[in-house]
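> show me the folded form of this:
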Amino acid sequence: VTRLFPIVFIILWSSAFITSKPITVDASPFAALCFRFTFVTIGFALFSIITNQKLFTDFNKILKAMISGILFHGLYLGGVFYSISKGFPVGITALIVCLQPILTAILAGPLLNEVVTWRQWIGIILGFLGTLIVLGFDGGKELPVVGIAASFIALAAVTAGTLWQKTLSEDLPLSVSNTYQAFSASCFHLIVALALGDWFINLTLGFVLSMGWQILAVSFGAFTILMYLIKNDSASKTATLFFLVPPVSVFMAWIFINENITIADFIGLLIATLGVYIATRKQGALN
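Purely as a prediction, here's the structure:
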């Protein structure tokens, strides 16, 4: 079953980009994320209690988990939601964020003493090229500077979060760690929303359905799988999976909201898939 985790993760994580658009229409980005992670905190806390996990433990471990939450759920998701709320294209936001595997691979060596093989570098390059082919760059359209800045903040945060999480994977049980990560994110978004004076939520059907999906499928499902993959594999290999998120998001947009898809999209997805396979395949299987 665990072999299916990367596939399930890619599908669920990609769906977050599709469902973020209606959420940012009916709520300010940071209010929406505060709403989301309040429920996620309660859910993981209840699960920890039911499974007899110790919630109140060493303060340093809790603090480390909260830092991870601010990086992943605070700065990363905050940057993505804020960028989309300012009219920045979802696809280009996903493309910028998916530069993460390159940064992670570059930094994993000196910071985590991981060896990034030439096969992984080939996979990383193919994954990035495939993503570029699928999304492309709309050079004829003016892009909001604030959207670009927010997307690159999200990129830096998710890269730092991946590397940081790898250093503390053994510190806390997964559900307990997720509880404190979600709690710190909820507090972060509340503070930012109040500081910006931008707080509104309209409980429309679209908001409720999209938010419900992000809470259950993305926060409880995809993020838990991501933490498992980081814990049980190298940071650079796990990060490479993010290259498949933009192409899969494009296909989801085609299926669910009738966006056009081209031959180039199919070619790009195949190249990205090949890149991820090469980068994440065990070395012995490629000899």
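> from here on, just use CA atoms for contacts and neighbour counts.
Fine.
> Tyr277 against Gly123, yeah?
Yes - taking CA atoms under 8 Å as the definition, Tyr277 is a contact partner of Gly123 at 7.2 Å.
> neighbour count: these two, which is higher?
Gly123 (26 against 18; other CA atoms under 10 Å).
> so that one makes contact with Val276?
Yes - the pair Gly123 / Val276 is scored as a contact, 5.7 Å apart, by CA under 8 Å.
> just confirm Leu4 is within a helix.
Yes - Leu4 sits within a helix when classified using DSSP: H, G, I helix; E, B strand; the rest coil.
> give the contact list for it.
With contact set as CA atoms under 8 Å, 6 or more residues apart in numbering, Leu4 has no partners.
> which residue ranges of this protein form helices?
All helices of the chain, identified by DSSP state H, fall at 5-26, 29-50, 59-69, 77-85, 90-97, 100-112, 118-135, 145-167, 174-196, 205-213, 223-232, 235-240, 245-257, 263-280.
> save these as TSV, and put in mean pLDDT too.
Listed next are the helices of the chain as TSV, based on pLDDT from 0 to 100:
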stretch	mean pLDDT
helix 5-26	88
helix 29-50	95
helix 59-69	90
helix 77-85	91
helix 90-97	74
helix 100-112	70
helix 118-135	76
helix 145-167	85
helix 174-196	94
helix 205-213	94
helix 223-232	80
helix 235-240	67
helix 245-257	77
helix 263-280	74
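> most tightly surrounded among these?
helix 235-240 (a mean of 27; mean count of other CA atoms under 10 Å).
> show residues contacting stretch 238-253.
Against stretch 238-253 from outside (CA under 8 Å, 6+ apart): 6, 10-11, 13-15, 17-18, 91, 94-95, 98-101, 104, 124, 127-128, 131, 134-135, 162, 226, 229-230, 259, 261, 265, 268-269, 272-273, 276, 279-280.
> dump it to PDB, restricted to CA.
Output of stretch 238-253 as PDB, limited to C-alpha atoms (Å, rounded to 0.1, in the frame of the first residue of the first chain):
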ATOM      1  CA  THR A 238      10.700  13.200  -2.100                       C
ATOM      2  CA  ALA A 239      10.900  16.800  -3.400                       C
ATOM      3  CA  THR A 240      11.100  15.600  -7.000                       C
ATOM      4  CA  LEU A 241       7.500  14.400  -6.800                       C
ATOM      5  CA  PHE A 242       6.500  18.100  -6.800                       C
ATOM      6  CA  PHE A 243       7.500  18.300 -10.500                       C
ATOM      7  CA  LEU A 244       4.300  16.300 -11.300                       C
ATOM      8  CA  VAL A 245       2.000  18.600  -9.400                       C
ATOM      9  CA  PRO A 246       1.700  21.300 -12.100                       C
ATOM     10  CA  PRO A 247       1.100  18.900 -15.000                       C
ATOM     11  CA  VAL A 248      -1.500  16.900 -13.000                       C
ATOM     12  CA  SER A 249      -3.100  20.200 -12.000                       C
ATOM     13  CA  VAL A 250      -3.500  21.100 -15.700                       C
ATOM     14  CA  PHE A 251      -5.200  17.700 -16.300                       C
ATOM     15  CA  MET A 252      -7.500  18.200 -13.400                       C
ATOM     16  CA  ALA A 253      -8.500  21.600 -14.700                       C
END
